[in-house]
Structures are given as structure tokens and as C-alpha cells.
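Novice: Have a look; sequence and predicted model below, questions after that.
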Amino acid sequence: KVHASPESEMAVLSLLFLDSSLIDVVREKGLPADIFHDRRNRIIFETIMDIGGIVDGIIVMDRLKDDGRLEMAGGLDHLTAITDSFPDIGALDNHLTVLKVKRTAREAIQAAQEAISRINMTNDPSEALSLLEGRLSGLHDPEEQQSVREIIDAQLDVDDRICRGIPVGLPFPWEKIQKATHGIPFASVTPLAGRDGRGKSWMGVALTEHWVNKLGIGILYMPFEDTSGRFAKRLACSIGEYDGFRLFRNPTDQYMKTHHDCMNRLANLPIFMHDTPCKPEEIEAIIANHVKDHNIKGVVIDSFKDIMLPNGENQTSSEGAAMSALVRAAKKHNVAIVVIQHLRDLEDDAWISKREIRGNKVLTQSARLVLMFQNAGFPSEMLSKYGLGDDDVVLEVSKSSYGSKVSLPLTMELEKARFVEKKELGNGGYYE
């Protein structure tokens, strides 16, 4: 049986063509493109969301032509069929509910089929059942969506917490940025983006050390780009504040004792690791299990490009589906997810805009906080104010829903996996 509703799919797209104000309404719901069963409709929906603003059949057709996807979207005949239908605007929520139910049915069936296949291949039901449990726990019944009263109460609770100074996210280790943002928000995915090979992974380690060692907050770290062993070594160096690079330069007995002591301390901290690249739905299952078994509050994924993307029409749609899966997991389990994103093909000496996070716009539009790791192109005012050098970076909050935007100059001490806040230049040097 095919769990789909062609009528509701056509109605939703037609309403978005008829009333562009509904686009923001739908976007705020964070709906993935695969809520549509028909691949043609998925492509059209993605295009509408990417364009934003005022759209109609002509605008969408032109964009599809430019992208070389018009035929994949069913061509002019399919677009005409959508624009020629005139559904009731008031029925939008009902049509979306139908599509959610159909998608949930498809996801549940797929999860069950994958569990059966895994059992048949491995003859070990335990792993399959664990993944199945996580997958099914992440599926939402549309009838269980929050009421207006529940939404109001939840937001008032957040507002009251902020006013009383109670954390509403994972705290930053730097006071200036913490006061401005109130931390990395729970129930959300936060990109940490910057140039490849410039220190972002080390910042992920430094943030994790602050959470698990200083604050005792449970964190799941997924070093897909590296290994759990190398991550553990970096974390130990950050905890002990010793030079991790000396391991390769004839270390002394005392140095090795410190290294062993700090590595052994990790076993008593609420840090959990998983370094095998996997699909988004498997990540959801792993997060679900760690929340249940270890009460984790945060997840760090290093990096987004190493996630095994689901099949899609193209790279953009696959990335969008993967990020949507992470957003669902964050909301479902009320955890803060930090995704490290390595940006390529950038000018070497330019300040990076969050627009450089290419691909599906869901990568940043659904984020309540966006962190940009700046290592070049510093504004002249910032250079004169802080005297930034080769070992300095700026952590820029380019988007913040609970606070304000802020830029924080930091000095990198990569050998210790630490980032030290820079003070302003005063007469004759630094001042506190």
C-alpha cells in the first residue's frame, strides 16, 4: 500500500502559489521536503522555500529552468495542473496534517523493513531493535502537536528562565558571549561554520571540555572526521592544560604521567563518543538512546559533510533532508546539537558571511543560533581594538533568537585545545 495523498500535495503547493504569505507559515513548521511522496512535488516545494518572498507558477518555472530541474519537477503540464486548482485557503492545516500522517506511515514502514534486513544480515536482533526503537521514538503523531496554550506556556517558561538567569541552553565558557546569547539553545541545531582546517574541531573540543568537565553536563560527541581516540586525547589536553603536541617530541616521564592521569579522568566524566559515520535516522536513534540511558543535554557532530546523506534528487535536497532529521531529533529530545561545518572554496582573506553556508537554506533558516568561525578579513576597527594576530580568531554570533549578535576575539592555544578571550588594547598593553 502506498501511503500518500496526491490531493493534499497538490492543494498545499497550489495554496503557496496563491498566497505567498503562507510560505513563512509553512517554513516556521520546519517541514521536510519528503513530507511529499511525489518526487516532483518535493522539487517544487524545495524551490518555493529557496525562493521565499512572492512566488507564483511563472517564477517557480523560471527557477526550475535555471537549475535544470524543470523536467524532473514534471514540466509545464504538472505546474499548470497545480496552478489551475483552487483549494480552500482555510484547509491548509488539514492538508498538512494529512501529509504528516502519510509521511509518518512511510517512515515507520521503512524503519521496520530496515530492522528486518539488519536482523537477516547479522542474525543479531539487539542492534536492529535499538535502531528501530530510536527511529520510532522520533516519529511524531500530528495529533500530538502542541496546542496554542502549551506553546504560550513553553515560551513564557523560557522567558522567565532568561530573566532569572537560568540556562536555556548549553553555556558558553566566555562571559561576554554567554550574556549576549544565553547559550547554545536546547531543542535546536546550531551550525559552527568556517574555513576547513582552521581550528573549528578544536573549538568543539574546548566547548565540550567546559560542559563535561567544569559543569558536569552530559554530551555525546560524534567525531566523524576523526576518531574517538584522537578526540579523547584532545579533550584530555584541554582538561589538563598541557601541550598535546609534545607527545611526538620525546615527552618526559612526568609529562606522560600527566597525560595518563587526564586520559583516565575521562572515564568518570559524562562524555560519550560515537565515531562511525552513519545516516541521519541512525543518528536520531543514537541520540534517543543516549538521552534515555545517560541523560545527555548536548550533541556535537564533527562534521556535517561526513554524515551519510540520504538519497535525494541532488546534493542540496539530501543535505536538507539530513538537517531536517537533526532538527527533529533536537526538538524531540530537547537537546542542543552543534554541527561543525567546513566551508570550502572561500577567499583566503575575506570575512565569512553565513550566506557562504551553501546548499539547502534549511541549514541556517531553521537555526536559532549561527556561529561563524572567522580567521581572516577582520574589520579594521576590531584590528585596532584588539591587535589581532596570526593565532587569533573571532567567534561571531551572526544570528541569535534569545539574545543579540556579538563578535568575540579569541587567541587559539591549539596544543591545549583552548581558546582564550582577548582583552582590548590599552595604553601600553592589555587591560582587564
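Specialist: Happy to help now that I have it.
Novice: ok, which stretches of the protein are strands?
Specialist: Along the chain, counting by DSSP state E, strands occupy 169-170, 184-185, 188-195, 219-222, 271-273, 298-302, 336-343, 369-374, 392-400, 406-413, 418-421, 425-426, 429-430.
Novice: wait, which of those is closest to Arg246?
Specialist: strand 406-413 (13.4 Å; C-beta to C-beta). (Each C-beta comes from the backbone N, C-alpha and C, glycine too.)
Novice: Indicate which one of the strands of the chain is closest to Gly229.
Specialist: In this view, these are compared for proximity to Gly229 by C-beta to C-beta, and strand 271-273 is the closest at 9.0 Å.
Novice: what's the single longest helix in this structure?
Specialist: Taking residue count as the measure and DSSP state H as the definition, the longest helix of the chain comes out as helix 92-122.
Novice: Counting by contacts, list what that one packs against.
Specialist: Counting by 3 or more C-beta pairs under 8 Å, 6 or more residues apart in numbering; DSSP states H and E, the packing neighbours recorded for helix 92-122 are helix 6-18, helix 21-28, helix 125-137.
Novice: rerun that using 6 Å as the cut-off
Specialist: Under the contact criterion of 3 or more C-beta pairs under 6 Å, 6 or more residues apart in numbering; DSSP states H and E, helix 92-122 touches helix 6-18, helix 125-137.
Novice: Next, format these as TSV and append distance to Gly90 and mean pLDDT.
Specialist: Converted to TSV, these look like this (distance: least, C-beta to C-beta, whole Å; pLDDT from 0 to 100):
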stretch	distance to Gly90	mean pLDDT
helix 6-18	10	93
helix 125-137	33	72
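Novice: What residues of the longest helix of the chain count as buried?
Specialist: The neighbour-count check on helix 92-122 (16 or more other C-beta atoms under 10 Å) flags 92, 95-96, 98-104, 106-107, 111, 114-115, 118-119 as buried.
Novice: go on, stretch 51-59?
Specialist: Neighbour-count burial for stretch 51-59 flags 51, 55, 57, 59 (criterion: 16+ other C-beta under 10 Å).
Novice: Turn those residues into a markdown table, including distance to His182 and pLDDT.
Specialist: Written out in a markdown table, the entries for these read as follows (distance: C-beta to C-beta, whole Å; pLDDT from 0 to 100):
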| residue | distance to His182 | pLDDT |
| --- | --- | --- |
| Ile51 | 33 | 86 |
| Val55 | 35 | 86 |
| Gly57 | 43 | 86 |
| Ile59 | 39 | 91 |
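Novice: What is the nearest of those to Leu129?
Specialist: Proximity to Leu129 was ranked across the buried residues of stretch 51-59 by C-beta to C-beta; first place goes to Ile51, at 42.9 Å.
Novice: can you pull up the bridge partners for the residue nearest the centre of the chain?
Specialist: Centre of the chain computed as the mean C-alpha position; nearest residue by C-alpha atoms, centre = their mean is Val189, 3.4 Å away. Applying DSSP bridges to Val189 yields these beta-bridge partners: Ile337.
Novice: For it, list the residues it contacts.
Specialist: Residues touching Val189, when contacts are defined by C-beta atoms under 6 Å, 6 or more residues apart in numbering, comprise 326-327, 330, 337, 339, 367.
Novice: quick one on the thing from earlier: make CSV from the helices and strands packed on helix 92-122 and add mean neighbour count to it.
Specialist: Formatted as CSV, the entries for the helices and strands packed on helix 92-122 read as follows, by neighbours: other C-beta atoms under 10 Å:
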stretch, mean neighbour count
helix 6-18, 21
helix 125-137, 17
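Novice: closest to Leu346 out of the ones you listed?
Specialist: helix 6-18 (33.4 Å).
Novice: could you give the angle of that closest one to helix 92-122?
Specialist: For the pair helix 6-18 and helix 92-122, the angle between their directions (axes from the mean of the first three to the mean of the last three C-alpha atoms, to 10 degrees) equals 130 degrees.
Novice: For helix 6-18, which helices and strands make contact with it?
Specialist: Applying 3+ C-beta pairs under 6 Å, 6+ apart, we find helix 6-18 packed against helix 21-28, helix 39-51, helix 75-83, helix 92-122.
Novice: among those helices, which is nearest Phe172?
Specialist: Across these, the minimum distance to Phe172, taken as C-beta to C-beta, is reached by helix 21-28, at 26.6 Å.
Novice: And the closest one, what's buried?
Specialist: Burial within helix 21-28, assessed by neighbour count using 16+ other C-beta under 10 Å, is assigned to 23, 26-27.
Novice: quick one on the thing from earlier: any chance of the helices and strands packed on helix 92-122 in a markdown table, plus distance to Lys297?
Specialist: As requested, the helices and strands packed on helix 92-122 are exported to a markdown table (distance: least, C-beta to C-beta, whole Å):
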| stretch | distance to Lys297 |
| --- | --- |
| helix 6-18 | 35 |
| helix 125-137 | 17 |
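Novice: low-confidence ranges in the stretch 101-250 of the chain?
Specialist: For the stretch 101-250 of the chain, residues meeting the criterion pLDDT under 70 lie at 130, 134-135, 137-147.
Novice: burial count for the closest residue to Val291 other than its chain neighbours?
Specialist: Nearest in space to Val291, with sequence neighbours left out and distances taken as C-beta to C-beta, 6 or more residues apart in numbering, is His333 at 4.5 Å. Neighbour count for His333, taken as other C-beta atoms under 10 Å: 22.
Novice: same thing with Ala187?
Specialist: Other residues within reach of Ala187, judged by other C-beta under 10 Å, total 19.
Novice: phi, psi of it?
Specialist: Note on Ala187: its backbone torsions stand at phi 60, psi 30 [degrees, to the nearest 10].
Novice: what does Phe36 give?
Specialist: Here is the backbone geometry of Phe36 (degrees, to the nearest 10): phi -90, psi 130.
Novice: could you dump stretch 341-351 to PDB, C-alpha only?
Specialist: As requested, the backbone C-alpha atoms of stretch 341-351 are provided in PDB (Å, rounded to 0.1, in the frame of the first residue of the first chain):
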ATOM      1  CA  GLN A 341      30.600  22.700   9.000                       C
ATOM      2  CA  HIS A 342      33.800  23.000   7.000                       C
ATOM      3  CA  LEU A 343      33.300  25.600   4.200                       C
ATOM      4  CA  ARG A 344      35.300  25.300   1.100                       C
ATOM      5  CA  ASP A 345      36.100  27.500  -2.000                       C
ATOM      6  CA  LEU A 346      36.300  30.700   0.100                       C
ATOM      7  CA  GLU A 347      38.600  33.700  -0.400                       C
ATOM      8  CA  ASP A 348      41.600  33.300   1.900                       C
ATOM      9  CA  ASP A 349      41.500  36.800   3.400                       C
ATOM     10  CA  ALA A 350      37.800  37.500   3.500                       C
ATOM     11  CA  TRP A 351      35.300  37.800   6.400                       C
END
